[in-house]
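Undergrad: Any chance you can model this:
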Amino acid sequence: MIKHIFLDMDNTLLNSQGRISYSTINFLRETRIPVTLVSARAPMEMDFAIKNLALRNAQVSFNGGLIFEKKQSEKEKIFSLPLEYADAYKMLNLITINYPEISISWYTRNAWYTSQIDKGTHYESNLTGFQPELLKSISKENLRNNSIYKIMIICFDNEKLKKIAKVISELSLNICAKFSGQSYLEITSSNATKNNAIAYIQSSKNLKKEELAAFGDGQNDIEMFKAVGTPIAMENASIDVKKCAKFVTLSNDEDGVMYGIKKYIL
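TA: So this is what the prediction gives:
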């Protein structure tokens, strides 16, 4: 019996317009199985989904860098693992200096920053409804005083993004860089991963692996799949992701999460 469900957000729970369908909202509200969102998004970008689904248990942001619970208007921090400030400084300078045409931005717990407004930040703003705060200079002091949980690179040239990912992988930094879709490369602390976040919640709830299910579509969901007994990929997921799943449900534009829970869990 499945006792906990973990849901990726973008291109999984959310449709192509970045929304949750009314039928999926109503279904998940009535489902008695606890649901945890496991997202690369910042907590503020998850608020609408948490509210719509009336979620009361632990939620995972920044790919596992921050686990929190919504307590009325506040978010209670349960687990926190930001990037080391020296690593964040090196990463931000590497990209802004050597790849000035690339969209790069970074997140603290409650804010989104960028050094330039560009096509990538516009795309993300349209998706999430938030606007980044513009910071022209990047200083070690500022990064030391404001913990960064995620650095986000957006590039619509997938081959160029892969080259940048290769450059980053060759650095000796305490980071984890994962693709989230075709155009996103998201960087967190090396131990800030979705599977580690699931393991933390699993331990706190005294659950077995076979009692856990997860839905996802991206590269950063593959490790999450390995942490649960019932991994379910979306139809819109890549072939590599589908290979790591036990089942494949409908796409995110066809209420795939609702269909998958009905068919493979209930």
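
Undergrad: Could you look up the SS state of the spatially most central residue of the chain?
TA: The residue lying closest to the centre of the chain (C-alpha atoms, centre = their mean) is Ala40, at 1.6 Å. In three-state terms, and counting by DSSP: H, G, I helix; E, B strand; the rest coil, Ala40 is coil.

Undergrad: Now the residue sitting furthest away from the middle of the chain. Its backbone dihedrals?
TA: Note on the chain: the largest separation between a C-alpha and the mean C-alpha position, by C-alpha atoms, centre = their mean, falls on Glu141 (27.1 Å). Main-chain torsions, Glu141, degrees, to the nearest 10: phi -60, psi -40.

Undergrad: From Tyr85, how far out is it?
TA: With distances defined as C-beta to C-beta, to the nearest Å, the gap from Glu141 to Tyr85 amounts to 9 Å. Heads up, the C-betas are built off the backbone N, CA and C, glycines and all.

Undergrad: and the helix or strand bottoming out on mean pLDDT in the chain, which residues are buried?
TA: Between all helices and strands in the chain, the lowest mean by mean pLDDT, DSSP states H and E belongs to helix 140-145, at a mean of 78. Residues of helix 140-145 classed as buried: Leu143 (neighbour count, 16 or more other C-beta atoms under 10 Å).

Undergrad: ok, now which ones touch Asp240?
TA: Applying C-beta atoms under 8 Å, 6 or more residues apart in numbering, we find Asp240 in contact with Gln219, Ile222.

Undergrad: And the strands in the stretch 1-150 of the chain, which stretches?
TA: 4-7, 35-37, 59-61, 66-71, 74-80, 103-107, 112-114, 133-134, 150-154 (DSSP state E, counting those that start in this stretch).

Undergrad: now the ones you listed as TSV including distance to Thr24, mean pLDDT and mean neighbour count?
TA: Shown next, in TSV, are those (distance: least, C-beta to C-beta, whole Å; pLDDT from 0 to 100; neighbours: other C-beta atoms under 10 Å):
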stretch	distance to Thr24	mean pLDDT	mean neighbour count
strand 4-7	10	98	24
strand 35-37	11	98	21
strand 59-61	17	97	28
strand 66-71	19	88	19
strand 74-80	23	83	14
strand 103-107	26	96	25
strand 112-114	26	95	19
strand 133-134	32	94	12
strand 150-154	26	97	23
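
Undergrad: With distance to Phe48 as new columns, can these be given to me in CSV?
TA: As requested, the strands of the stretch 1-150 of the chain are arranged in CSV below (distance: least, C-beta to C-beta, whole Å):
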stretch, distance to Phe48
strand 4-7, 14
strand 35-37, 11
strand 59-61, 12
strand 66-71, 12
strand 74-80, 14
strand 103-107, 17
strand 112-114, 15
strand 133-134, 20
strand 150-154, 19
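
Undergrad: what's near enough to touch Asp118?
TA: Ser103.

Undergrad: what pLDDT does it get?
TA: For Asp118, the model assigns a pLDDT of 96.

Undergrad: swap in Gln72?
TA: Note on Gln72: pLDDT of 65.

Undergrad: Also Ala54?
TA: 94.

Undergrad: could you list every residue that touches it?
TA: With contacts taken as C-beta under 8 Å, 6+ apart, Ala54 has the following neighbours: Arg29.

Undergrad: how about the nearest residue to Lys90, chain neighbours excluded?
TA: Leu173 (6.5 Å; C-beta to C-beta, 6 or more residues apart in numbering).

Undergrad: Checking the one you found next. Helix, strand or coil?
TA: Reduced to three states with three-state DSSP, the structure at Leu173 is coil.

Undergrad: Could you measure from it over to Gly129?
TA: Applying C-beta to C-beta, the value for Leu173 to Gly129 is 31 Å.
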